[in-house]
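>>> the following comprises the amino acid sequence and a computationally predicted model.
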Amino acid sequence: MTTDQMMSLAIIVLMMAAFIWGRFRYDLVACGALLAAVAAGIVPQSKAFSGFSDDIVIIVGSALLVSAGVARSGIMEYAIQRFAPEVSSVRAQMMLLVVIVTVLSAFVKNIGALAIMIPIAFQFARRSNTSPSVFLMPMAFGSLLGGLMTLIGTSPNIVVSRVRQEMTGEAFSMFDFTPVGAALATAGVAFLVLFYWILPIRTRASASIHEAIDIKNYVTEAHVVADSTVAGKTLADLLKLGGGQAIVTSILRSRALHVTPFPDVTLREGDILLLEGAPDALDRMVAQAKLNVTGNRDSAGGKHMATAVEAIIGENSSLIGGSAQRLALYDRFNVNLLAVSRKGERIQERLGAVILRLGDVVVLQGNPQTIPDILRELGCLPLAERPILLGSVRRGIVPLAILVAAMAATASGLLPVALAFFTAAIAMVLFRVIPLREVYGAIDGPILVMLAALIPVSDSLRATGATDVISAWLANVAATLPPAGALGLILIVAMAVTPFLNNAATVLVVAPIAASFASTLGYRPEAFLMAVAIGAGCDFLTPIGHQCNTLVMGPGGYKFSDYPRLGLPLSLLVIVIAVPMLMLVWPM
C-alpha cells in the first residue's frame, strides 16, 4: 500500500474510534478528521468543503424541516386518535410504527416514509411516557429493511439492476427483490419489536432546557364554535383528544349557566370551556376539536403572523393585581392572554377574570415583532424559547400533501430525491406551515456539519486507490471459500464498506468484485449481485452510512456507539437469513 492509502485508512480508523469513544461531539470529530485529511494531503484543499453541496446533506436537512412541518400541522395527532386511539403499550406502539415504516419504504423512498412517521413516534412517546429514542432507531432500521423488498425501495437496488443489465443484458424487475427482501423484512421487524430494549434510552441533549421548564397545569379558555368537531358530542369525546393529560374544569353556557363537567354532558355551540392540562395536551384538544381560544380577536398582523410566548410575571409587573379584562390587554397592547399557570393552585374563574399574581406563568399571543417590547413594558420575563402551538393556525392537510407530492415526484422519477425534498421544505415555509423564525431551529446543524465533513474524508478511500487494494485482497480470500462462504463474504464486505461510501457507490465498487467471484467460481452472478444490494442497503452499525440513520440521530439523542448495540445483532440476523434465501431463490 502507498503512503496515501495508509494515511486514508489510518484517519478513518482513528475517526471511528473517536466516534465510539464519545468524548467529543460527532460534528467536532468529523471536522477534525477533515482537517487531518487535508493536512495529510489525501483530500485536496479545493475539495475540502465539497460535502456541503452533496445531495445527502440537502436531503437530511430538508427532511428534518418537512417532518417538523408535518408534526406542527396536527394531522398526525388526528391520525393517532382516529386509527389507534387505544395503543398505549410500548411494544404495541413499536410494532405499529416499525411495520408501517417498513411497508411504506418498499414503495416510496425510505427517508420519506420515515419522515412521515417521526411525528407519530413523538406522540406515542408522550402517550406511553417514554423517550422517543425507544422508537426512532428501530423505525430507521425498519425503513432500511423495507427498502430491500422492491426495485424502487432503495437506490442500491436500482444501481445493482443497472449493473446486471450491463453484465448480462437483462435488468432486475420490480419484484425480483421481493422474496428475499420480504423474508429479511419480516425477520427484522420481529427482531426489532422483540428486542428493542437492547437500545439504551436517550434524551436529546438540546431538549434539557425545555424539560427543565416543567409547567403542567396551564389553564386556558376555549369556545365551542360552529365548525367545532365536538359540537353535539359529549365531553368524553373531547377529553379523549387530550390523551388523559388535560381536563375540563368548568362549562359556561349562555353566559350565566354553569354546567357541571360530567363526561356525558353534550357540548353545544357557544359553550365556553375552562381547560386545564399540559401545553401539548391543550394544544391537541384545541386543534383537533377546532375550538377557539382567542374569542375571534386577531393580534396585530393577524393570526397567521402571530406567535405565542411563555413569560413569568415579575415583581414590578403592571399585571400584578389585575386581570386581562380589567387591564384591557387586547385593547391596549393588542395581545391575547391564552393561558395561565399558577403553581399549587387550581384556577376556577374564567381566564379573562383571573387576578394575576407575582410568579404566574402566562402565555401571550401577539405580533412577533412587537411582543418583546410589550413583555418589557408589562414587566414579564420570557422563558427559554420552546414551541408553544396553542392558538396557532394549522394548515391541516397541506403539509401532508406537500410530503406526498415530494415522494410521488421521486417515485415517478420526475425529480431527484434531493430536489424533491428541498422543494417540499421551501413549500412548507411558503405555505406558512412553519413560521420563518422556526426554520433553522427545525434543521439539526451538528448532523449536517458531520455529514458534510465526512463525505470528502470517506471519498479519500476511493481517490487514493485504497478500495482497489482491499478489493484485490478480498478476491484472493474468497476464491478459496465454498459458495455459501463466498456469498456471505460479499454480503459482509458490502455491509462494512457502505458506512464509508454512500450506498449507491458501495454497489458500484463491490458489484464488479461480486461478478468476478461468480465468474471465477463458475456460478451465475445474480445471487452475488443481490448480496451486494442487501449489504449496501443494510447499514445498521453507524449513523453515517444511510441518511435514515442520520435523520434520527439528533431527535433521538443517540451516541455513535448506540447503533451497533441494536444494529450488530440485526446485521448478523440479516446475514444468517440472506445467504440461504439467496441460494434458494437465485440458484448458483
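Here it is on my side, so go on. Note that the structure is predicted; figures quoted are calculated from it, not measured.
>>> in what helix or strand does the residue most central in space within the chain lie?
Closest to where the C-alpha atoms of the chain average out (C-alpha atoms, centre = their mean) is residue 118, at 4.2 Å. Per DSSP states H and E: residue 118 is located in helix 110-128.
>>> state the next helix or strand along the chain beyond that helix.
Later in the chain than helix 110-128, the nearest helix or strand by DSSP H and E is helix 133-147.
>>> hmm, back to that, report the angle between the axes of the helix holding residue 118 and helix 133-147?
Going by axes from the mean of the first three to the mean of the last three C-alpha atoms, to 10 degrees, helix 110-128 is angled at 150 degrees with respect to helix 133-147.
>>> pLDDT on helix 110-128, on average?
The average pLDDT within helix 110-128 is 79.
>>> so residue 515 touches residue 528, yeah?
Yes: judged on C-beta atoms under 8 Å, residue 515 makes contact with residue 528 at a distance of 6.6 Å. Any C-beta I mention is one placed from the backbone N, CA and C, and that applies to glycine too.
>>> would you list the phi and psi of residue 171?
Residue 171 adopts backbone torsions of phi -90, psi 160, taken as degrees, to the nearest 10.
>>> report pLDDT for it.
For residue 171, pLDDT reads 76.
>>> next, the contact list for it, please.
161, 162, 164, 165 (C-beta atoms under 8 Å, 6 or more residues apart in numbering).
>>> which residues touch stretch 12-20?
24, 26, 29-30, 32-33, 36, 457-458, 460-461, 500, 542, 560-561.
>>> report the mean per-residue pLDDT for that stretch.
78.
>>> do stretch 447-462 as well
Computed over stretch 447-462, the average pLDDT equals 79.
>>> and for stretch 324-333?
So the average pLDDT for stretch 324-333 ends up being 86.
>>> filter the contacts of stretch 12-20 down to just the ones in helices.
Residues of these located in helices (DSSP state H): 26, 29, 30, 32, 33, 36, 457, 458, 460, 461.
>>> doesn't residue 11 make contact with the last one?
I take that to be residue 461. No: Residue 461 is beyond contact range of residue 11, at 9.9 Å (criterion: C-beta under 8 Å).
>>> burial count for residue 86?
Residues lying near residue 86 (other C-beta atoms under 10 Å) number 7.
>>> just checking, which helix or strand of the chain averages the lowest pLDDT?
helix 208-212 (a mean of 42; mean pLDDT, DSSP states H and E).
>>> check which element follows it along the chain.
Downstream of helix 208-212, the next assigned helix or strand under DSSP H and E is strand 218-223.
>>> what residues does that next one touch?
The contact list for strand 218-223, computed with C-beta under 8 Å, 6+ apart, reads 249, 270-279, 282, 285-286, 291-293, 295, 338-342, 346-347, 350-352, 354, 361, 363, 390.
>>> so which of the residues you listed are in helices?
The members of these that map onto helices under DSSP H are 279, 282, 285, 286.
>>> which of those scores worst on pLDDT?
Lowest confidence among these: residue 279, with 75.
>>> can you map out the strands along this protein?
218-223, 246-253, 257-259, 272-277, 307-313, 336-341, 361-366, 380-382 (DSSP state E).
>>> of all these, which lies closest to residue 448?
strand 307-313 (25.8 Å; C-beta to C-beta).
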